[in-house]
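>>> Whatever this is, show me its structure:
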Amino acid sequence: MANTATANTAPAHTAVSGNRKWAIGFISAVAFFFILNKFLLPQATTPVQQFFNNWFSLTSMAEIMIWIVMALGLNIIVGYAGLLDLGYVAFWALGGYIAGWLMSPFFSSLQLNFFGNARPGFEFGIHFHMFLVLILGGVFTAIWGVIIGGPTLRLKSDYLALVTLGFGEIIPQFMLNGADIAGHNVTNGAQGIGGLDDVNLFGYVIGTFALPEKFLMVSVLAGAMIFFSIRLRDGRLGRAWLAIREDELAASMMGVPLWRTKFASYAIGAVGGGIGGVGFAILVGGVYADRFNFVISIIILAMVVMGGMGNVWGVVVGATTLAWINSIGLIQVGDLVNNTFGTNINFPSYQFLLFGLLLVLMMLFRREGFIPEARIRMVMNEDKIDDEVSDETKIASN
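Reported below is the predicted structural model:
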């Protein structure tokens, strides 16, 4: 009995140990870049500054944290529950505009301040504290997840994907053309909403150009999303999602309420998008409709698939890798190749070609992703395992 108990608890202990190691690595990386840019890099020599600014600029590192939040939110829908969402960028847009509406002088006819940090001369408008805006952004996108998910989650496979695609196109177009809705300027159209409030954290004001502090702030958001995702996966609801993903019929026969469980994944996943949108708007100091296009949804989905669907740390690695490649990696590698071989190739112009090639190679040689979840690894390699078992059976029979 003792051996059986030990065998049953071993995987749990292994998972906890693995999460702890990954968490230490994540915290160490965040601390390294914060200390480096806040204290060490300003005193460093010019070549050292150029190296880090070119290859690991703090702006890009901060944006990577937002991508991690977004990818983890989509992972709840795609990786945990097995639902295909092609319009996730809509939640990013909704969260961003919540920040634009509630942390700026945009609605100039109003004057409402709730622990906000309005800039001198711009006290008009709505000014809420960042913490409250994050909560409202998550709630607002969850409501939209409910509105969209309610009538559509009874659909399956390609039909659900098409509906989410439509949703992902409607919301950004509404934001882009929302400068005149029944005579009211709701979104300011293509110009977007700029001039967001500075963040006041317990008396410490983080200004627009305080990049180390903003990087640390969005890193905390990413860390909180990682913790939430892990706890959610290991809970009762997370296990129900995994059961539906593996075999929907078997899950329903075991008493899992299919529609309600799928509904929860869509609503909770939308919260991640809303929080990511608020964080991104605060990071760049504004929200602009032209950034929320269909390609963003595909990139976030690729982060989840390539990182390892259902594996939190795999998604973090996938988001970090693809975000770095898209922001500065491709440019710097291109410059390195051109300087080394004397060529003049514009690598950024081939971004989607190289991105597509990377996807094809991943699907051919590592379909389960960089760091796959154990169940998905078994499913992806089922044919290989069957062949190995067949070979072993033949050898034993001989």
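>>> my read: Ile126 touches Ser104, true?
Yes - assessed by CB atoms under 8 Å, Ile126 is found in contact with Ser104 at 7.4 Å. Placement of C-beta: from N, CA and C, glycine included.
>>> higher neighbour count, these two?
Ranked by neighbour count (other CB atoms under 10 Å), Ile126 and Ser104 place Ser104 first, with 25 against 22.
>>> Averaged pLDDT, the strand or helix carrying Asn339. What do you get?
Under the criterion of DSSP states H and E, Asn339 resides in helix 330-341. In this model, helix 330-341 has an average pLDDT of 92.
>>> contact partners of the helix or strand just after that helix?
With elements assigned by DSSP H and E, the helix or strand that comes after helix 330-341 is helix 351-365. The set of residues external to helix 351-365 that reach it, using CB atoms under 8 Å, 6 or more residues apart in numbering, is 302, 305-306, 325-326, 330, 347, 369.
>>> how about those residues in TSV, adding secondary structure and neighbour count?
Formatted as TSV, the contacts of helix 351-365 follow (DSSP: H, G, I helix; E, B strand; the rest coil; neighbours: other CB atoms under 10 Å):
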residue	secondary structure	neighbour count
Ala302	helix	19
Val305	helix	22
Met306	helix	25
Ile325	helix	17
Asn326	helix	19
Leu330	helix	18
Phe347	helix	19
Gly369	coil	25
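>>> Pick out whichever of these sits closest to Gly100.
When the contacts of helix 351-365 are ranked by distance to Gly100 (CB to CB), Asn326 comes first, at 23.9 Å.
>>> shouldn't the closest one be in contact with Ile298?
No - using CB under 8 Å, Asn326 makes no contact with Ile298, being 11.7 Å away.
>>> Asn113 belongs to a strand, doesn't it?
Yes - counting by DSSP: H, G, I helix; E, B strand; the rest coil, Asn113 is found in a strand.
>>> Kindly tell me how buried it is, as a neighbour count.
Neighbour count of Asn113, defined by other CB under 10 Å: 15.
>>> Also Pro151?
Neighbours around Pro151, by other CB under 10 Å: 9.
>>> buried set for the helix or strand harbouring Phe51?
Using DSSP H and E, Phe51 sits in helix 46-55. Going by neighbour count (16 or more other CB atoms under 10 Å), the buried part of helix 46-55 is Phe52.
>>> Now the following helix or strand past that helix: average pLDDT?
Sequence order places helix 58-75 as the next helix or strand after helix 46-55, per DSSP H and E. Here helix 58-75 scores 96 as its mean pLDDT.
>>> Output the contacting helices and strands for the very next helix or strand once past helix 58-75.
Downstream of helix 58-75, the next assigned helix or strand under DSSP H and E is helix 89-102. Judged by 3 or more CB pairs under 8 Å, 6 or more residues apart in numbering; DSSP states H and E, helix 89-102 is in contact with strand 125-128, helix 130-152, helix 157-176, strand 193-194, helix 258-284, strand 286-287, helix 294-307.
>>> Just name the closest of the contacts of helix 351-365 to Arg233, please.
Gly369 (15.6 Å).
>>> Can you name the residues that contact Ser109?
By CB under 8 Å, 6+ apart, the neighbours of Ser109 are Phe124.
>>> how would you label it: helix, strand or coil?
coil.
>>> For it, give its distance to Phe124.
To Phe124, Ser109 is 8 Å away according to CB to CB, to the nearest Å.
>>> The helix or strand hosting Leu322 - what's its average pLDDT?
Applying DSSP H and E as the criterion places Leu322 in helix 312-324. Helix 312-324 comes out with an average pLDDT of 96.
>>> Let me know the angle separating it from helix 294-307.
Here helix 312-324 runs at an angle of 130 degrees relative to helix 294-307 (axes from the mean of the first three to the mean of the last three CA atoms, to 10 degrees).
>>> Give me the buried positions along helix 312-324.
Across helix 312-324, burial judged by 16+ other CB under 10 Å covers 312-324.
>>> How about stretch 242-259?
Neighbour-count burial for stretch 242-259 flags 242-245, 251, 256, 258 (criterion: 16+ other CB under 10 Å).
>>> Which ones among the residues you listed lie within strands?
In strands, judged by DSSP state E, none of the buried residues of stretch 242-259 are found.
>>> for those, which one is nearest Met70?
Using CB to CB, the shortest approach to Met70 within those belongs to Arg245, at 20.3 Å.
>>> Looks like the closest one contacts Ile77 (just checking).
No - here Arg245 does not reach Ile77: they are 10.5 Å apart, not a contact under CB under 8 Å.
>>> what about the helix holding Phe51, average pLDDT?
Here the average pLDDT along helix 46-55 is 95.
>>> Identify the residues contacting Ile298.
Each residue near Ile298 by CB under 8 Å, 6+ apart is listed here: Leu86.
>>> Quick check: pLDDT value at it.
pLDDT, Ile298: 91.
>>> returning to what we had before: please name whichever of the helices and strands packed on helix 89-102 is nearest to Pro42.
That would be helix 258-284 among the helices and strands packed on helix 89-102, by CB to CB, at 20.8 Å.
>>> tell me which strands and helices the closest one is in contact with?
helix 58-75, helix 89-102, helix 130-152, helix 211-234, helix 236-246, helix 248-253, strand 286-287.
>>> most packed of the ones you listed?
Ranked by mean neighbour count, the helices and strands packed on helix 258-284 are led by helix 89-102 with a mean of 28 (mean count of other CB atoms under 10 Å).
>>> Fine by me, we can end here.
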